[in-house]
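Participant: need the 3D shape of this:
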Amino acid sequence: LSTVRKPTYSDYIIYKDEGAVSIYTIQPQLKDSNNMRSRIVQRPGLVVMEFAPRFTDSRERRFDWKNKQKFTLNVAQCGELVGATEVPLTLTNRGMSSTDAMFRQSELTLSKAVGEQGGFEFSLELEDLGQQEDQRKSKAFVHIPITNGEFAVIRSLLNFTIPYLLAWDKVLQTDGASSLSSSSNTEQSSAEGAAGVSSSSSSSSSSSIPAADIWGSHL
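Facilitator: All right, here's what the predicted structure looks like:
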């Protein structure tokens with residue numbers, strides 16, 4: 001029997017009348033150290049949220065995944081969602097779009113849903129930055145309501161995933177002797193890497209949401 005472990009792929013998808021969102025992870029990139037005796041994190045992992053609008057000309061709930069838009073969460077932005085105690089919370093990314101090669105700003109906002117059922121809402125807005133400033137227009141791509149239970153699942157998944165995005169699981173799998181011998185060599189590079197992590201998220205408050213410890217203890 002083969003002992004080679006096969007890769008596992010999984011995502012968490014929420015389907016709504018307004019659209020759908022798929023959430024999955026990208027593993028961190030590792031590289032060999034200079035002495036080839038250990039590996040270091042070259043690029044931390046990411047959490048990707050893919051938003052797809054619903055086809056408006058169909059009575060069935062069909063979604064336009066070909067025209068989806070992505071919003072990637074770095075480690076700090078995952079922490080913003082896990083530790084948030086007030087909404088609205090807005091996270092901002094800027095970068096080149098892979099679909100049309102346009103330099104774009106994306107804003108992901110978590111807000112309180114309007115209505116008696118409660119819950120929350122994810123909204124994604126896009127702004128093309130390649131145009132003149134007076135010609136730029138923000139476009140609301142999609143608004144997706146989520147229940148309290150769905151939001152609890154998202155926070156739990158993010159909370160569980162953060163150590164893996166930094167490859168801490170691989171560090172803790174190392175035997176004690178090699179961990180001690182490599183700690184002095186990697187301490188400086190780890191500190192420099194941590195100092196380089198930045199978050200472009202911003203938040204404003206108007207409504208309170210349950211404290212993070214309600215969803216479970218932190219790792």
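
Participant: rounded mean pLDDT for stretch 73-93, please.
Facilitator: Per-residue pLDDT over stretch 73-93 has a mean of 94.

Participant: if you could redo that for stretch 18-30, that was the one I meant.
Facilitator: Rounded mean pLDDT across stretch 18-30 is 92.

Participant: using PDB, write down the CA coordinates of that stretch.
Facilitator: Provided in PDB are the C-alpha atoms of stretch 18-30 (Å, rounded to 0.1, in the frame of the first residue of the first chain):
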ATOM      1  CA  GLU A  18     -28.200  37.600  -3.500                       C
ATOM      2  CA  GLY A  19     -25.100  35.600  -4.300                       C
ATOM      3  CA  ALA A  20     -22.600  33.100  -3.000                       C
ATOM      4  CA  VAL A  21     -19.300  33.200  -1.200                       C
ATOM      5  CA  SER A  22     -16.600  30.500  -1.100                       C
ATOM      6  CA  ILE A  23     -13.900  30.500   1.600                       C
ATOM      7  CA  TYR A  24     -10.700  28.500   1.300                       C
ATOM      8  CA  THR A  25      -7.000  28.700   2.300                       C
ATOM      9  CA  ILE A  26      -3.700  29.000   0.400                       C
ATOM     10  CA  GLN A  27      -0.800  27.300   2.200                       C
ATOM     11  CA  PRO A  28       2.300  29.300   3.200                       C
ATOM     12  CA  GLN A  29       5.400  29.100   1.000                       C
ATOM     13  CA  LEU A  30       8.500  27.600   2.600                       C
END
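
Participant: who does L91 bridge with?
Facilitator: Under DSSP bridges, the beta-bridge partners of L91 are L108.
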